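[1] Have a look at this fold, sequence not included:
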């Protein structure tokens, strides 16, 4: 039985009692059990407050990557830092984030420097780097997502280290991730990775904000992301340089675990952070319940749904047992969506229980909520589809 499953079934184990592995981070994130790993590096780790790259620290991280590659693990790096590097070169205020135009200009300038650093340091170990810049739309559109997945897969099979970043030079507020935590989780799903490690300026999830509460306790293991866990997250990044806080990391964990990957938050405030995490396991591990089909992984991690369908308790139970969502189980519709759009499925308490592709547009969906299947043809004036959201196009959360 896998380590994570043993711990989930142990009644004596709680989120705050012990780490998921007595052997550190290697049990879940080492080459033996995690053949493909995504490592996210935050801006505050990669760039010093004066805008200079932290080359010595990066060299230690790359040395860790080289050791893992030699052990047979494939690694994708999701790297922040382009805006911070570009802002210094251009002399822009507020780290290049004073306006969208400044951020785009800084990203375009800094991305060249960022990719050069990665290529140089990986090259010292005889490794080849590849650059992949993506936008939110690239991972939300199914066809483009598959293209990203295919590119990552081929690069990894060739022994290349893909270095991925959001393409902030063209992204706008409406079509951007906004943080590389969620990007790393989505990239992990596209790459079919079994592990994601977020190297951060904080060493994990605490039961309260450790910067304001000296008695805050680290949560080493999270078996399920529920309201209690979500309530522990804090929206602020301690460095002020990055764009993500603990909320984005918990959301990244939801995406990663839904796609079948374990996710860890670990400190990057030390040299050789991957080696140290492997040795000690110090951090927070969010455990996945198991692998997910590729299409379901894409659906569960969607971030740009077009609306929602509210359901009753009976429908929620039916979905949990693998059924499709029928009109009779729906009690309300919100948003302006078309057939085939991604929608949230929300239970009576307001909790999102699934995401899926709707079989009806919003207007027709609103007309048939709560109705029996034998009533639909007369209401719609055409032969109805069997479900509001079919189970084949739905992922439970």
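    Thanks, I have the structure now. Only a predicted model underlies this, so the values are computations on that prediction, with no experimental measurement involved. Numbers count the residues shown, from 1 in each chain.

[2] Are we agreed that residue 395 is in a helix?
    No: inclusion of residue 395 in a helix is not indicated when DSSP: H, G, I helix; E, B strand; the rest coil is applied; the result is strand.

[3] For it, name its beta-bridge partners.
    Judged by DSSP bridges, the bridge partners of residue 395 are residue 355.

[4] List the contacts of residue 164.
    Contact partners of residue 164, counting by CB atoms under 8 Å, 6 or more residues apart in numbering, are 76-79, 132-134, 183, 187. (Each C-beta comes from the backbone N, C-alpha and C, glycine too.)

[5] Swap in 7 Å and give it another go.
    Residues near residue 164 by CB atoms under 7 Å, 6 or more residues apart in numbering: 76-78, 132, 134, 187.

[6] Looking at those, which gets the smallest pLDDT?
    In terms of pLDDT, the least confident member of the contacts of residue 164 is residue 134, at 93.

[7] quick one: that one and residue 232, what's the gap?
    For residue 134, the distance to residue 232 (CB to CB, to the nearest Å) stands at 30 Å.

[8] hang on, the earlier thing: name the pair among the contacts of residue 164 with the greatest separation in space.
    Farthest pair in these (CB to CB) is 77 and 134. Separation: 13.5 Å.

[9] Is residue 79 bridged to anything, and to what?
    Taking DSSP bridges, one finds residue 41 as the beta-bridge partners of residue 79.

[10] correct me, but it touches residue 162?
    No: at 10.2 Å, residue 79 and residue 162 do not qualify as touching, with contact defined as CB atoms under 7 Å.

[11] Can you pull the residues that touch both of those two?
    Between them, residue 79 and residue 162 have no joint contacts when contacts are counted by CB under 7 Å, 6+ apart.

[12] Would you map the helices across the stretch 251-397 of the chain?
    273-280, 294-300, 313-320, 362-368, 376-380 (DSSP state H, counting those that start in this stretch).

[13] closest one to residue 226 among those helices?
    Counting by CB to CB, and looking across all of the helices of the stretch 251-397 of the chain, nearest comes helix 313-320 at 15.4 Å.

[14] same for the closest one, what does it pack against?
    For helix 313-320, the helices and strands in contact under the criterion 3 or more CB pairs under 7 Å, 6 or more residues apart in numbering; DSSP states H and E are strand 352-358.

[15] list the helices and strands the strand it packs on packs on?
    For strand 352-358, the packing partners by 3+ CB pairs under 7 Å, 6+ apart come out as helix 294-300, helix 313-320, strand 342-346, strand 389-396.

[16] go with 8 Å
    If you count contacts as 3 or more CB pairs under 8 Å, 6 or more residues apart in numbering; DSSP states H and E, strand 352-358 packs onto helix 294-300, strand 307-311, helix 313-320, strand 342-346, strand 389-396.

[17] Okay, domains of this structure per the record?
    Here the chain is described, according to automatic domain parsing, as comprising the domains 3-298, 305-396.

[18] Save the helices and strands packed on strand 352-358 as TSV, and put in mean neighbour count and mean pLDDT too.
    Below are these laid out as TSV (neighbours: other CB atoms under 10 Å; pLDDT from 0 to 100):
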stretch	mean neighbour count	mean pLDDT
helix 294-300	20	78
strand 307-311	22	95
helix 313-320	16	94
strand 342-346	23	92
strand 389-396	19	87
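
[19] Distance to residue 89 added to the ones you listed, as JSON lines?
    As requested, the helices and strands packed on strand 352-358 are arranged in JSON lines below (distance: least, CB to CB, whole Å):
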{"stretch": "helix 294-300", "distance to residue 89": "37"}
{"stretch": "strand 307-311", "distance to residue 89": "42"}
{"stretch": "helix 313-320", "distance to residue 89": "51"}
{"stretch": "strand 342-346", "distance to residue 89": "39"}
{"stretch": "strand 389-396", "distance to residue 89": "42"}
